[in-house]
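> Could you look at this predicted model? Sequence included:
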Amino acid sequence: MRKTVIGEVTSAASSKTIKVMVPRTVKHPLYGKYLKRRTVYHAHDEQGDAKLGDTVELVSCRPRSKIKRWELLRVVMQDTADGEA
């Protein structure tokens with residue numbers, strides 16, 4: 001079974017590569033407070049389906065390059081704020 005994660009696209013500037021931020025919460029070992037942490041994955045996007053701000057699902061794959069270990073499975077939700085600042 002291959003691992004899957006869901007996150008938000010933070011960069012789609014590269015050809016066939018997207019950067020996806022996956023948030024998580026961890027409990028502080030001493031104080032017990034829950035802290036927000038994030039992991040940024042570089043993923044392979046062959047057709048260029050994902051755009052900046054989209055929510056996507058990634059699946060683990062064989063290493064495609066030095067940093068790419070994930071590939072785009074599907075776009076869960078497209079960003080509706082196109083061009084708004």
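Arrived safely, thanks for sending. Numbering: from 1, shown residues only.
> tell me which element the spatially most central residue of the chain falls in.
Centroid-nearest residue in the chain, with C-alpha atoms, centre = their mean: Val20, separated by 2.3 Å. Per DSSP states H and E: Val20 is located in strand 17-27.
> which neighbours does the helix or strand following that strand have in its sheet, and in what orientation?
Per DSSP H and E, the first helix or strand lying C-terminal to strand 17-27 is strand 34-44. The strands that strand 34-44 pairs with in its sheet are strand 17-27 (antiparallel), strand 68-77 (parallel) (by DSSP bridges).
> What residues of strand 34-44 count as buried?
Using 16 or more other C-beta atoms under 10 Å as the test for burial, strand 34-44 gives Tyr41, His42, Ala43, His44. Backbone N, C-alpha and C define where each C-beta goes, glycine included.
> circling back: show me what the residue nearest to the centre of the chain bridges to in the sheet.
As for beta bridges, Val20 partners with Val9, Tyr41 under DSSP bridges.
> Equivalent analysis for Val5, please.
If you apply DSSP bridges, the partners that Val5 bridges to are Leu58.
> check contacts around it.
Contact analysis of Val5 by C-beta atoms under 8 Å, 6 or more residues apart in numbering lists Val20, Val22, Tyr41, Glu57, Leu58, Trp70.
> any idea how far it lies from His28?
According to C-beta to C-beta, to the nearest Å, Val5 stands 23 Å off from His28.
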